[in-house]
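Engineer: Fold the following, please.
(chains A and B)
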Amino acid sequence: QKEVEQNSGPLSVPEGAIASLNCTYSDRVSQSFFWYRQYSGKSPELIMSIYSNGDKEDGRFTAQLNKASQYVSLLIRDSQPSDSATYLCAVNSYPYGDKLIFGTGTRLQVFP
Amino acid sequence: DTGVSQDPRHKITKRGQNVTFRCDPISEHNRLYWYRQTLGQGPEFLTYFQNEAQLEKSRLLSDRFSAERPKGSFSTLEIQRTEQGDSAMYLCASSRDRLWYGYTFGSGTRLTVV
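Structural biologist: Sure thing, here's the model as predicted:
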């Protein structure tokens, strides 16, 4: 069974700063990686996906993948208080079934 | 695209009772997943369907849990003889055939067993 590890936080950053969230995974054959945002009491919402080594940018979000080191990260530029949420890293379990394995999430707090 | 729909949103039940939850996936999505999430934890996989076939079940899914997806459309998750440890958010998600695009989650059903 693959494992996905995240620091539970909270990670506190001031408004306008860059928030850096990290995730490591245990299985070298993992192929697709996802970041979900979850507000308190709500369900997870997909914000980024990444499949190849390197960076992928979408607005204020950048996902970074390094398969050799087995980590994936999420950078949030110009952090806003509305970004305060739990960020879940998820890894596709393929070829061990075909589902997402989630980490425990990192709680981000952006203060004004 | 009306999103993934779950019903009910909240359920309070007494220990020992049976409960059933329903999930309606996005219409063009063939895959349907059930997860359970407790406070401070990430979603834990329970089971998934491709069309009407149940392809994988977690060891977390004890004999008291059963899931169905008749005709490959909506799905139900039933918990028999509920225990206090079953209290959690039950999340349903759907996706296309290839898990390349991630899941879309429903709003979840929060179960409280008293």
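Engineer: give the contact list for the residue in chain A positioned nearest to chain B.
Structural biologist: Relative to chain B, the nearest point of chain A is residue A:102 (3.5 Å; CB to the nearest CB). All C-beta spots, glycine's among them, are computed from the backbone N, C-alpha and C. Each residue near residue A:102 by CB atoms under 8 Å, 6 or more residues apart in numbering or on different chains is listed here: A:4, A:36, A:88-90, B:35, B:42-44.
Engineer: if you set the cut-off to 6 Å instead, what comes out?
Structural biologist: When contacts are counted by CB atoms under 6 Å, 6 or more residues apart in numbering or on different chains, residue A:102 touches A:88, A:90, B:42-43.
Engineer: who in chain B is up against chain A?
Structural biologist: B:41-43, B:45, B:48, B:56, B:91, B:99, B:102, B:105, B:107-108 (CB under 6 Å from any CB of the partner chain).
Engineer: how about 7 Å then?
Structural biologist: Residues of chain B lying close to chain A (CB under 7 Å from any CB of the partner chain) are B:33, B:41-43, B:45, B:48, B:56, B:91, B:99-103, B:105-108.
Engineer: quick one on the thing from earlier: okay, the contacts of residue A:102 in JSON lines with neighbour count and pLDDT next?
Structural biologist: Below are those laid out as JSON lines (neighbours: other CB atoms under 10 Å in any protein chain shown; pLDDT from 0 to 100):
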{"residue": "A:88", "neighbour count": "27", "pLDDT": "98"}
{"residue": "A:90", "neighbour count": "26", "pLDDT": "96"}
{"residue": "B:42", "neighbour count": "22", "pLDDT": "96"}
{"residue": "B:43", "neighbour count": "31", "pLDDT": "97"}
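Engineer: Make JSON lines from these and add distance to residue B:70 and secondary structure to it.
Structural biologist: Putting the contacts of residue A:102 into JSON lines (distance: CB to CB, whole Å; DSSP: H, G, I helix; E, B strand; the rest coil) gives the following:
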{"residue": "A:88", "distance to residue B:70": "31", "secondary structure": "strand"}
{"residue": "A:90", "distance to residue B:70": "28", "secondary structure": "strand"}
{"residue": "B:42", "distance to residue B:70": "29", "secondary structure": "coil"}
{"residue": "B:43", "distance to residue B:70": "24", "secondary structure": "coil"}
